[in-house]
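[1] Have a look at this prediction, sequence included:
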Amino acid sequence: MSYESTTHKLNLTGGQISTVLYCLEGYVQGNDDTELCKEVDNIFAELQSVTDNYYAQLEEINELKSLLKEGR
(Lines give C-alpha, C1' and ligand atoms only; values in the text may rest on other atoms or scores of the structure.)
Protein backbone atom coordinates (compact mmCIF):
# COMPACT_ATOMS: atom_id res chain seq x y z
CA MET A 1 0.00 0.00 0.00
CA SER A 2 1.44 3.37 -0.99
CA TYR A 3 0.77 6.90 0.18
CA GLU A 4 -0.69 7.78 -3.23
CA SER A 5 -3.22 4.92 -3.23
CA THR A 6 -4.24 5.09 0.43
CA THR A 7 -7.42 7.00 1.31
CA HIS A 8 -6.70 9.65 3.95
CA LYS A 9 -9.18 11.38 6.23
CA LEU A 10 -8.82 15.14 6.63
CA ASN A 11 -10.37 17.68 8.93
CA LEU A 12 -11.21 20.73 6.83
CA THR A 13 -13.70 23.48 7.49
CA GLY A 14 -16.35 24.30 4.92
CA GLY A 15 -14.43 27.46 4.12
CA GLN A 16 -11.24 25.52 3.50
CA ILE A 17 -13.06 23.09 1.21
CA SER A 18 -14.55 26.01 -0.71
CA THR A 19 -11.08 27.53 -1.12
CA VAL A 20 -9.64 24.27 -2.44
CA LEU A 21 -12.58 23.86 -4.85
CA TYR A 22 -12.14 27.43 -6.09
CA CYS A 23 -8.41 26.90 -6.69
CA LEU A 24 -8.93 23.58 -8.45
CA GLU A 25 -11.59 25.03 -10.70
CA GLY A 26 -9.33 27.90 -11.69
CA TYR A 27 -6.35 25.63 -12.20
CA VAL A 28 -7.98 23.31 -14.73
CA GLN A 29 -9.46 26.10 -16.85
CA GLY A 30 -7.33 26.28 -19.95
CA ASN A 31 -5.03 23.46 -18.84
CA ASP A 32 -4.09 21.16 -21.72
CA ASP A 33 -2.95 18.20 -19.58
CA THR A 34 -5.93 15.88 -20.02
CA GLU A 35 -4.73 13.29 -17.51
CA LEU A 36 -4.14 15.93 -14.82
CA CYS A 37 -7.53 17.50 -15.50
CA LYS A 38 -9.21 14.09 -15.01
CA GLU A 39 -7.42 13.65 -11.68
CA VAL A 40 -8.39 17.16 -10.56
CA ASP A 41 -12.01 16.50 -11.63
CA ASN A 42 -12.06 13.39 -9.41
CA ILE A 43 -10.71 15.36 -6.45
CA PHE A 44 -13.20 18.15 -7.13
CA ALA A 45 -16.10 15.69 -7.22
CA GLU A 46 -15.05 14.14 -3.91
CA LEU A 47 -14.79 17.50 -2.16
CA GLN A 48 -18.01 18.77 -3.72
CA SER A 49 -19.84 15.68 -2.46
CA VAL A 50 -18.86 16.60 1.11
CA THR A 51 -20.44 20.02 0.64
CA ASP A 52 -23.54 18.59 -1.04
CA ASN A 53 -24.01 15.98 1.70
CA TYR A 54 -23.70 18.63 4.41
CA TYR A 55 -26.45 20.76 2.91
CA ALA A 56 -28.67 17.74 2.21
CA GLN A 57 -28.40 16.67 5.85
CA LEU A 58 -29.06 20.21 7.02
CA GLU A 59 -32.18 20.39 4.86
CA GLU A 60 -33.38 17.05 6.22
CA ILE A 61 -32.87 18.21 9.81
CA ASN A 62 -34.79 21.42 9.13
CA GLU A 63 -37.65 19.47 7.57
CA LEU A 64 -37.82 17.19 10.61
CA LYS A 65 -37.83 20.19 12.93
CA SER A 66 -40.71 21.66 10.94
CA LEU A 67 -42.68 18.43 11.19
CA LEU A 68 -42.08 18.24 14.93
CA LYS A 69 -43.30 21.82 15.40
CA GLU A 70 -46.44 21.08 13.37
CA GLY A 71 -47.13 17.98 15.48
CA ARG A 72 -47.26 19.92 18.76
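    Received it, and whenever you're ready, just let me know what you need.

[2] Pull out the buried residues from the lengthiest helix in the chain.
    If you go by DSSP state H, the chain has its longest helix at helix 34-70. Residues 40, 44, 47 are the ones in helix 34-70 that count as buried (16 or more other CB atoms under 10 Å). Yep, even glycine has a C-beta here, placed from its N, CA and C like the rest.

[3] ok, now stretch 13-24?
    Buried residues in stretch 13-24 (16+ other CB under 10 Å): 17, 21, 24.

[4] Would you reformat those as JSON lines and include pLDDT?
    Output for these, formatted as JSON lines (pLDDT from 0 to 100):
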{"residue": "17", "pLDDT": "92"}
{"residue": "21", "pLDDT": "91"}
{"residue": "24", "pLDDT": "90"}
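
[5] Out of those residues, which sit inside helices?
    17, 21, 24.

[6] Test my guess that the last one contacts residue 39.
    It refers to residue 24. No - contact criterion CB atoms under 8 Å: residue 24 and residue 39 do not qualify, at 10.2 Å.

[7] Now do the same contact list for the closest residue to residue 36 other than its chain neighbours.
    Among residues not flanking residue 36 along the chain, residue 28 sits closest, at 7.8 Å (CB to CB, 6 or more residues apart in numbering). Residues in contact with residue 28 (CB atoms under 8 Å, 6 or more residues apart in numbering) are 36, 37, 40, 41.

[8] Compile those residues into a markdown table and extend it with columns for pLDDT.
    Listed next are these as a markdown table, based on pLDDT from 0 to 100:
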| residue | pLDDT |
| --- | --- |
| 36 | 92 |
| 37 | 92 |
| 40 | 92 |
| 41 | 92 |
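
[9] In a markdown table, list these along with distance to residue 61.
    Putting the contacts of residue 28 into a markdown table (distance: CB to CB, whole Å) gives the following:
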| residue | distance to residue 61 |
| --- | --- |
| 36 | 38 |
| 37 | 36 |
| 40 | 32 |
| 41 | 30 |
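
[10] Next one: residue 69 from residue 61, what distance?
    Per CB to CB, to the nearest Å, residue 69 is found 13 Å from residue 61.

[11] again with residue 51
    Distance, residue 51 to residue 61, by CB to CB: 16 Å.
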